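[1] predicted coordinates and the sequence they were generated for:
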Amino acid sequence: MDRNQLVALITEEVIKQLSDNCGTKKIPVAISNRHVHLSQEDMNKLFGSNYQFKIFKNLSQPGQYAYQEKISLIGPKGILENVRILGPARKETQVEISVADGIRLGVNAPIRDSGELAQSASLTLVGPVGSTTLPKGTIIAARHIHMHPKDATRFGVKNKERINVKVPGARGLVYNEMLVRVSDNYKLEMHIDIDEANAALLKNNDFVEIV
């Protein structure tokens, strides 16, 4: 095989992969570990009113990032330390844990879409200079897909629609009731927690497909 033939073969394969990932209904996976979104009020309680948070890294969704700072979560039966804080600050503090985390902490956190915090679980948050007990705000985040409007058009779905997503492989399965979230500010990505990912042997940047 000469150089021109090799280049042609590589080009053909690259085009095929781009077509597979962008022209079909395949979606990249992002796995969420436990984390906290703090309100400015709770940031002040835990770290002090003049504290300047430091960005650890930018997240895949535009405008979202992880701070270097971490806190502890205390429940009736246990504690989770070194829990990452994500930014920017929100109007209301939201703690996202897995089912396994809830068992360890001793709380019965409901499965909810982000922001739906009414009658959710209580936890105590401990930072370097203070603590606060949340009467509500702890949830198991419902699995969902972020989509740009162009992705939603390509896939034939709309905002807040619930769809089924197929996972291939030795422990393949179908995720039912996957919430679609559409915004100009979103990048195409499916978000699941670590329990759901482990059940299907999924890793970050694997691909799943809309059924």
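    Thanks, I have it.
[2] break the chain into its domains for me.
    Domain ranges of the chain: 32-141, 143-211, per automatic domain parsing.
[3] how about TSV for those, with mean neighbour count, mean pLDDT and distance to residue 25 added?
    Just so you know, the C-beta spots here come from the backbone N, C-alpha and C atoms, and that holds for glycine as well. Formatted as TSV, the domains of the chain follow (neighbours: other Cβ atoms under 10 Å; pLDDT from 0 to 100; distance: least, Cβ to Cβ, whole Å):
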stretch	mean neighbour count	mean pLDDT	distance to residue 25
domain 32-141	17	97	19
domain 143-211	16	96	4
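[4] nearest to residue 26, out of these?
    The closest of the domains of the chain to residue 26 is domain 143-211. By Cβ to Cβ, the value is 4.5 Å.
[5] just the strands in this structure please.
    Counting by DSSP state E, the chain has these strands, from start to end: 26-32, 35-39, 55-58, 65-74, 79-90, 94-96, 111-112, 121-126, 131-141, 144-147, 162-167, 173-182, 189-193, 207-210.
[6] those: which one's closest to residue 48?
    strand 65-74 (11.5 Å).
[7] neighbouring strands for that closest one, and are they parallel or not?
    Take DSSP bridges as the rule and strand 65-74 pairs in its sheet with strand 55-58 (antiparallel), strand 79-90 (antiparallel), strand 121-126 (antiparallel).
[8] contacting residues for residue 74?
    Neighbouring residues of residue 74 by Cβ atoms under 8 Å, 6 or more residues apart in numbering: 105, 123, 124, 125, 126.
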